[in-house]
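> coordinates only, sequence not included:
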């Protein structure tokens, strides 16, 4: 599947959405997306970060800025497409497919202080990896801000 994804990209040009699970090192792809934005608008890359839109409305072509990604799963929780919020997992459902995300670069963006759960995304289930020079696990990909009606602590105890 990974080779097919890359081959289609090579044969047909940039896809409208990227299968994030298909990358060996997704962090490099995400950094490149931020770099492309910074170069396009002539801003310092360290002032740019992603805003997150879950289930973006138009995905027939890629966005003007940022990228659409898919291929994530939730463990111990689910995405409620009707309410557009993070919700409790259904009984006996340990994992659920997560919908597409628009990673939309913004300059000097302030993180929301309420109404979201900052959900860590990892490459594998183990959540463990080697500590890299960035201070993060090599298995860590990014934090995704998920709208939530419930307050969520930084301990991630409610949704794991």
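Structure's in. What do you need? Quick caveat: nothing in here was measured; it's all calculated off a predicted structure.
> nearest residue to the middle of the protein?
Among the residues of the chain, the one closest to the centroid is residue 144, at 5.2 Å (Cα atoms, centre = their mean).
> where does that residue land in three-state SS?
strand (DSSP: H, G, I helix; E, B strand; the rest coil).
> touching, it and residue 100? I think so.
No. Using Cβ atoms under 8 Å, residue 144 makes no contact with residue 100, being 11.8 Å away. C-beta coordinates here come from the backbone N, C-alpha and C atoms, glycine included.
> count the neighbours of residue 60 for me.
Each residue near residue 60 was counted by other Cβ atoms under 10 Å, and the total is 6.
> apart from its chain neighbours, what residue comes closest to it?
Nearest non-adjacent residue to residue 60, counting by Cβ to Cβ, 6 or more residues apart in numbering: residue 16, 6.3 Å away.
> do the same with residue 141
Nearest residue to residue 141 in three dimensions, chain neighbours excluded: residue 121, at 4.4 Å (Cβ to Cβ, 6+ apart).
> could you measure from that neighbour over to residue 62?
Residue 121 sits at a distance of 20 Å from residue 62 (criterion: Cβ to Cβ, to the nearest Å).
> any buried residues in stretch 70-90, and which?
Across stretch 70-90, burial judged by 16 or more other Cβ atoms under 10 Å covers 70-72, 74, 77-79, 85-87.
> let's see which of these end up in strands.
Counted as lying in strands by DSSP state E, out of the buried residues of stretch 70-90, are 70, 74, 77-79, 85-87.
> can you lay out the residues you listed as CSV showing distance to residue 39?
CSV is the format used below for those (distance: Cβ to Cβ, whole Å):
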residue, distance to residue 39
70, 25
74, 33
77, 36
78, 37
79, 33
85, 35
86, 34
87, 39
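> pretty sure residue 52 sits against residue 102.
Yes. Using Cβ under 8 Å, residue 52 is in contact with residue 102, at 7.2 Å.
> before we move on, back to that, need the contact list for the residue nearest to residue 60.
Residue 16 is in contact with 59-62, 68, counting by Cβ atoms under 8 Å, 6 or more residues apart in numbering.
> can you pull out the helices in this protein?
In the chain, the helices defined using DSSP state H lie at 2-12, 26-41.
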